[in-house]
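**Student:** just to be clear, the model below is a prediction. Sequence and coordinates:
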Amino acid sequence: MVDGLLQVEGGRPLRGEITVRGAKNLVPKAMVAALLGTSVSVLGNVPRIRDVDVVSGLLSLHGVAVDYDHQAGVLQLDPSRVESAHVADIDAHAGSSRIPILFCGPLLHRLGEAFIPDLGGCRIGDRPIDFHLDILRKFGATVDKQSLGIRLTAPSGLRGTVIDLPYPSVGATEQTLLTAVRAQGLTELRGAAVEPEILDLVDVLQKMGAIISVDTDRTIHIEGVDELVGYHHVALPDRIETASWASAALATGGDVLVHGALQRDMTTFLNVFRKVGGAFDVSGDGIRFWHPGGDLRSLVVETNVHPGFMTDWQQPLVVALTQAQGLSIVHETVYENRFGFTQALRQMGAQIQVYRECLGGASCRFGQRNFYHSAVISGPTPLHGADIEVPDLRGGFSHLIAALAAEGTSRVEGVNLIDRGYESFTGKLKALDADVTRLA
Ligand SMILES: CC(=O)N[C@H]1[C@@H](OP(=O)(O)OP(=O)(O)OC[C@H]2O[C@@H](n3ccc(=O)[nH]c3=O)[C@H](O)[C@@H]2O)O[C@H](CO)[C@@H](O)[C@@H]1O
Ligand SMILES: C=C(OP(=O)(O)O)C(=O)O
């Protein structure tokens, strides 16, 4: 069981201002990229979240000197001692996050070998790593699966290759980038993911000396180089945290100004937010989200890879949809098992049914299989407080929103899971006038 118990007195609108910093889905990857440099890298806009601590710990074990100024949000990473530290076996932090798999390419380039412990991350489907391992083999690595992880070797170095991804996986695209930049010769990646966090990683790598071009048809070309240096970079803001606070404002009938939020990477979310009946205003350094009064409208939405509606935006939005008039349909096409969180919402009074069929859109990879990956939400339904347990990061945040929107007291167990991706969320809730008390 995950620690952390939060008591929430619901039924109050969230009102006020908060700030989001760098993206959870970019910062840890930019930290891994620092391993490829010969000099110090400096990363700004770093949020204080657990995934940053996990990767800091792993980098330190590999001999990288990590200096993190939490207040300023600046990380300095000095990789000059990686060869002398030469750590081959690390099982600490196994199961804490999915980032260790991205250490493969950088470690193979620097040390000729790597050991990657079993991965963690949210349990929202099987989350296989077959694309990653196929990619590493294509670059010339030998992959040996062991009981506690994977051992990789590349005694004669890595060579550029052609990779055709069966699905535009974010992690597999990052794996290719982090490996190809120092591999010998050219790499062509077809069917790549082009999420904003990936393009920010491309910016980081280009600052280090890499040669990468991203075409309009999901093809990325990388020319390997012999040396990369450290970078200075400011991480792009977290578009998932921004959307989470936007949905919280809507579900509670509130008004929240999110400093640091960037419109450009959120176009699809903002369209959906407006269609449901939410109001927003893009100001100098952020976006204000509020419930303008009147009824919210139901809608049909399908999650997809960028530039589609992001899967990590789905769970907080579902809570707002419980307050919309009529039937909404959410078709989850990225993960096969991402509606577990709706069980607690039903316990709180929501009317949500999940289906195996692809509802409301085109059929997806999960259509002919046994996965409950479509949800029908009938609203509006008043929510009431309950004792609930956080299942995963985004599902957990959606439980918090439901508890804030509900009449009465809720006790939310396992909130420490939310620290993985939301910087000081309890402090932010208090700044937004929520009545929350940490009991454990
Ligand atoms: C740390 C991080 O950045 N996490 C994000 C990243 O996860 P992550 O990089 O793990 O997600 P992927 O894009 O790789 O996964 C997408 C789909 O591809 C499948 N797949 C992936 C790899 C593989 O080897 N084999 C395979 O079948 C997955 O099971 C899933 O169905 O992108 C997801 C999709 O935007 C987001 O929800 C996560 O928040
Ligand atoms: C699925 C997520 O993250 P991870 O890939 O780190 O588990 C998420 O951020 O919602």
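**Tutor:** Cool, got the structure. Ligands and ions are numbered 1, 2, ... in the order given.
**Student:** could you measure from the residue lying closest to residue 306 once chain neighbours are set aside over to residue 174?
**Tutor:** Once flanking residues are discounted, residue 306 sits nearest to residue 195: 4.3 Å by Cβ to Cβ, 6 or more residues apart in numbering. The way it works is simple: take the backbone N, C-alpha and C, and place the C-beta from them, glycine included. Distance of residue 195 to residue 174, computed by Cβ to Cβ, to the nearest Å: 10 Å.
**Student:** so residue 11 makes contact with residue 410?
**Tutor:** No - Residue 11 is not in contact with residue 410 according to Cβ atoms under 8 Å; the separation is 10.5 Å.
**Student:** out of the two, which sits in the busier spot?
**Tutor:** Legend: neighbour count by other Cβ atoms under 10 Å for residue 11 and residue 410, higher for residue 410 (25 against 19).
**Student:** wait, the more buried one touches residue 387, no?
**Tutor:** Yes - assessed by Cβ under 8 Å, residue 410 is found in contact with residue 387 at 7.0 Å.
**Student:** so who does the closest residue to residue 69 other than its chain neighbours touch?
**Tutor:** Distances taken as Cβ to Cβ, 6+ apart place residue 75 nearest to residue 69, at 7.8 Å, with adjacent residues excluded. By Cβ atoms under 8 Å, 6 or more residues apart in numbering, the contact set of residue 75 is 31, 42-43, 46, 52, 56, 66-69.
**Student:** which residue ranges of the chain form helices?
**Tutor:** 27-33, 50-61, 82-85, 104-111, 130-138, 170-180, 196-208, 239-251, 267-276, 311-321, 342-347, 393-405, 425-431 (DSSP state H).
**Student:** so which of the contacts of residue 75 wins on neighbours?
**Tutor:** Neighbour counts for the contacts of residue 75 (other Cβ under 10 Å) peak at residue 31, which has 28 neighbours.
**Student:** near ligand 2, which residues of the stretch 1-150 of the chain are found?
**Tutor:** Contacts of the stretch 1-150 of the chain with ligand 2, taken as Cβ under 6 Å from any ligand atom, map to 24, 97-98, 121-122, 124.
**Student:** redo that, cut-off 8 Å
**Tutor:** Contact residues (Cβ under 8 Å from any ligand atom) of the stretch 1-150 of the chain with ligand 2: 24-25, 51, 97-99, 120-122, 124, 127.
**Student:** of these, grab the buried ones for ChimeraX.
**Tutor:** The buried residues among these can be selected in ChimeraX (16 or more other Cβ atoms under 10 Å) with this line:
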select :24,25,51,97,98,99,120,121,122,124
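**Student:** of the residues of the stretch 1-150 of the chain next to ligand 2, closest to residue 381?
**Tutor:** Nearest to residue 381 among these is residue 124, at 24.5 Å by Cβ to Cβ.
**Student:** contacts only, for the closest one.
**Tutor:** 335, 337-338, 340, 392, 395.
**Student:** recalculate using a threshold of 10 Å.
**Tutor:** If a contact means Cβ atoms under 10 Å, 6 or more residues apart in numbering, then residue 124 has 311-312, 315, 332, 334-341, 391-395 as its contacts.
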